[in-house]
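**Student:** quick one, structure for this:
(chains A, B, C and D)
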Number of protein chains: 2
Amino acid sequence: MRRPRLNSLRTFEAAARRLSFSLAAEELNISQAAVSQQMRALEAYLGAPLFHRHHRRISLTSVGRTYLSAVQEALDRLDTITDQLFPDRPDQSVSIRCSSMVATLWLAPRIDAFRRAFSHIDLHIRTLDYEPLPNQQPSTDFEVLVAPQNSETPLMRPLFDAQILPVASAGFLAGQGVRRPQDLLACNLIHILGYENDWHRWFKTHHTGTVTLPHGLTVDSSLFAIDAALRGDGVILGRRPFIDKYLQSGALKQVFAPPLALSSTYYLRHHAGRQTTRNKQAVFDWLLAQG
Amino acid sequence: MRRPRLNSLRTFEAAARRLSFSLAAEELNISQAAVSQQMRALEAYLGAPLFHRHHRRISLTSVGRTYLSAVQEALDRLDTITDQLFPDRPDQSVSIRCSSMVATLWLAPRIDAFRRAFSHIDLHIRTLDYEPLPNQQPSTDFEVLVAPQNSETPLMRPLFDAQILPVASAGFLAGQGVRRPQDLLACNLIHILGYENDWHRWFKTHHTGTVTLPHGLTVDSSLFAIDAALRGDGVILGRRPFIDKYLQSGALKQVFAPPLALSSTYYLRHHAGRQTTRNKQAVFDWLLAQG
DNA sequence: ACTATCCATAAGGTAATCTAATGCAAAGGC
DNA sequence: GCCTTTGCATTAGATTACCTTATGGATAGT
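**Tutor:** Model (predicted):
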């Protein structure tokens, strides 16, 4: 006897509130045609038109207006109680742990696209620059981390390869005349806590002979290091693709021609201990595609 | 952010109210497996169990109980306002016009099956024994009527062929010794208003020679005629399949061996003037399959 | 023990729903 | 006025959600 197509009431609410099928479609992340069809079906089911169709706009019929307020009230009530009773729905939020550099320079620029692709999913970002304790229960769904090559498993897939190479501001470089790796030893090298070894690795790879590293500035975050380099405080071991935008804008310059770089692989790890849902899997795949 | 699978709330309401997936499935006309899957999906979505699973029964969790009352209130509200605003939903009811005999002896025995097949559809039966005025707007979706053979069109399909043959109660026949058609002329023939011609047709077909019909009892409805025959008041021209159940039980007997019968075709007509919906089409097909 | 009952699960099919492409009509820009 | 843009309708085809059938496990009743 009674059975409105409940899902289509969500569509009706949006279309009636926005007074536009197109805007409702955008809001619901479906096509305009889908809204049109659903409304046609709903009206056929109810046996009365809900909308007046004008040339380039729609308006509510009298009964449509009445129905809208009733539907809004019922859906509001339902949504409110659902949110109250089930505040954190695992399938509706995704948490990801990564360094502040990854968060700021890789993830943040993609958040807009993320929201477009997954408008109904909350994204929780937790930045932690230190290494996780190996035996600890993971607290996030995903994690972006650096690991040796060939670390790939189904739950830990390569995201991108980072190039680690010396960069500095154009202004800083102009005054130094750096040509060969060993010339760098005379410059202000900027060090990052937790990554102290990188300069050693770099010199070991690209310079033969013993090296005594100058200790100019040491900062505790890659982001600060980049800031310092942008201000012309010295040379950092920058990591592409994070610093690509500064290289493109010319704010930072590569000290040498491309080959003089280290490489390390960033992985995206899926913590299987936590419940794996369809949505999380979709986000996992989307993030990989961004790599 | 928020998006409960609205349709599954209907299932939840039924399952929680009946405290049984099987009974809910029956009520909703879906399989038990479908209920089980929907509840699993809903719980996964909400991130919390709604039911305790016991050995052969389920019970609500505390949060499930709270959710049930909220969902019931919201759905009730929605259903109430929908029924108020749209009292006659064309897709939710089907009307059919037929004679009282067809209604009582053909349709009524099938109503149970109909409700099982279309539990959400209201069936309106209008019995009218007189012929419809040809140029009048049809007031029902379907109509069962007798028409000449070869009357078939896409909108008017043959439902079954009725055999018209003399029958009477066993007790009545025992006292009469009827052997040949003309023996009938000495019996009480029961006539039906509107079908007066049938006896003439029968004698014309199965008896050569002029006939003067005895006029015993005349009733204004086939149902009364059958009643009269059951009481032993005389012989009627009964119509199979309507009287099949009396023949099977022995309450009525065929006066002659089977060949001595007339035949007429009952059709199911679909009134296209009225809105044709998916449901109405399904009912049309179902009725034809019953024929 | 044995049977019947109820829920869970998996595989596969059906039906609902969506998208992409296109049409149409009117409004707004030039 | 003509042209472009905008918004809804419609269709066919693809995709996804949903349902059914079949099966298994567990237990309560016989």
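**Student:** so where is chain A shaky, pLDDT-wise?
**Tutor:** When residues are selected by pLDDT under 70, those of chain A lie in A:1-3, A:129-138, A:208-211, A:213-214, A:258-261, A:272-277.
**Student:** near chain B, which residues of it show up?
**Tutor:** Residues of chain A found near chain B (C-beta under 8 Å from any C-beta of the partner chain) are A:1-7, A:9-10, A:44-48, A:63, A:66-67, A:70-71, A:73-75, A:77-79, A:81-83, A:85-86, A:88-92, A:120-122, A:275, A:277. For the C-beta atoms, the positions are set from N, CA and C on the backbone; glycine is no exception.
**Student:** tell me the centre residue of chain A?
**Tutor:** Central residue of chain A (C-alpha atoms, centre = their mean): residue A:107, 3.2 Å from the mean position.
**Student:** phi first, then psi, for that residue.
**Tutor:** Phi and psi for residue A:107, reported as degrees, to the nearest 10, are phi -80, psi -50.
**Student:** please apply the same query to residue A:172.
**Tutor:** phi -60, psi -50.
**Student:** buried ones in the helix or strand harbouring residue A:157?
**Tutor:** Assigned by DSSP states H and E, residue A:157 falls within strand A:156-168. Neighbour-count burial for strand A:156-168 flags A:156-160, A:162-168 (criterion: 16 or more other C-beta atoms under 10 Å in any protein chain shown).
**Student:** and the closest residue in space to residue A:181 that isn't next to it in sequence, how far from residue A:175?
**Tutor:** Sequence neighbours aside, residue A:207 is the residue nearest to residue A:181 in space, at 4.1 Å (criterion: C-beta to C-beta, 6 or more residues apart in numbering or on different chains). According to C-beta to C-beta, to the nearest Å, residue A:207 stands 22 Å off from residue A:175.
**Student:** and the two? Which one has more around it.
**Tutor:** Legend: neighbour count by other C-beta atoms under 10 Å in any protein chain shown for residue A:207 and residue A:175, higher for residue A:207 (16 against 9).
**Student:** so that one sits against residue A:199, correct?
**Tutor:** No - counting by C-beta atoms under 8 Å, residue A:207 sits too far from residue A:199 to count as a contact (10.7 Å).
**Student:** near DNA strand D too, which of the residues of chain A next to chain B?
**Tutor:** Contacts with DNA strand D within those, as defined by C-beta under 7 Å from any atom of the strand: residue A:7.
**Student:** return stretch A:176-191 as CSV; C-alpha atoms alone will do.
**Tutor:** Extracted C-alpha coordinates of stretch A:176-191, given in CSV (Å, rounded to 0.1, in the frame of the first residue of the first chain):
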residue,chain,number,x,y,z
GLN,A,176,78.4,31.1,-4.4
GLY,A,177,79.7,29.8,-7.8
VAL,A,178,79.0,26.2,-7.0
ARG,A,179,80.2,23.9,-9.9
ARG,A,180,81.2,20.6,-8.4
PRO,A,181,79.8,18.6,-5.5
GLN,A,182,82.7,19.4,-3.3
ASP,A,183,82.0,23.1,-3.7
LEU,A,184,79.0,22.6,-1.6
LEU,A,185,81.1,21.9,1.4
ALA,A,186,81.8,25.6,1.5
CYS,A,187,78.2,26.6,1.6
ASN,A,188,75.6,26.8,4.3
LEU,A,189,74.0,23.4,4.3
ILE,A,190,70.6,23.2,6.0
HIS,A,191,70.0,20.0,8.0
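**Student:** got the domain ranges for chain A?
**Tutor:** Domain segmentation of chain A under automatic domain parsing yields A:6-85, A:92-291.
**Student:** near DNA strand C, anything from the last one?
**Tutor:** No - judged by C-beta under 7 Å from any atom of the strand, domain A:92-291 and DNA strand C are separated, with a smallest distance of 11.7 Å.
**Student:** what do you get for the first one?
**Tutor:** Yes - applying C-beta under 7 Å from any atom of the strand, one finds domain A:6-85 in contact with DNA strand C at A:7-8, A:25, A:29-31, A:33-34, A:37-38, A:41, A:55-56.
**Student:** how close does residue A:262 get to chain B?
**Tutor:** 42 Å (C-beta to the nearest C-beta, to the nearest Å).
**Student:** show me the contacts for the residue nearest to that residue when sequence neighbours are not counted.
**Tutor:** Excluding the flanking residues, the one nearest residue A:262 by C-beta to C-beta, 6+ apart is residue A:164, at 4.1 Å. By C-beta atoms under 8 Å, 6 or more residues apart in numbering or on different chains, residue A:164 lies in contact with A:198, A:202, A:237-239, A:261-264.
**Student:** whichever of the residues you listed end up buried, select them in ChimeraX.
**Tutor:** The buried residues among the contacts of residue A:164 can be selected in ChimeraX (16+ other C-beta under 10 Å) with this line:
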select /A:198,202,237,238,239,261,262
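**Student:** and which of the contacts of residue A:164 is nearest residue A:147?
**Tutor:** Closest to residue A:147 out of the contacts of residue A:164 is residue A:264 (8.5 Å), distances taken as C-beta to C-beta.
**Student:** picking that back up, including distance to residue A:185, could the buried residues of strand A:156-168 go into CSV?
**Tutor:** Output for the buried residues of strand A:156-168, formatted as CSV (distance: C-beta to C-beta, whole Å):
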residue, distance to residue A:185
A:156, 37
A:157, 39
A:158, 34
A:159, 33
A:160, 31
A:162, 24
A:163, 22
A:164, 18
A:165, 17
A:166, 12
A:167, 17
A:168, 14
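**Student:** what's the neighbour count on residue A:39?
**Tutor:** So residue A:39, with other C-beta under 10 Å, has 23 neighbours.
**Student:** what is the host helix or strand of it packed up against?
**Tutor:** Residue A:39 belongs to helix A:32-46 when elements are defined using DSSP H and E. With contacts defined as 3 or more C-beta pairs under 8 Å, 6 or more residues apart in numbering or on different chains; DSSP states H and E, the packing partners of helix A:32-46 are helix A:6-18, helix A:21-28.
**Student:** many thanks, have a good one.
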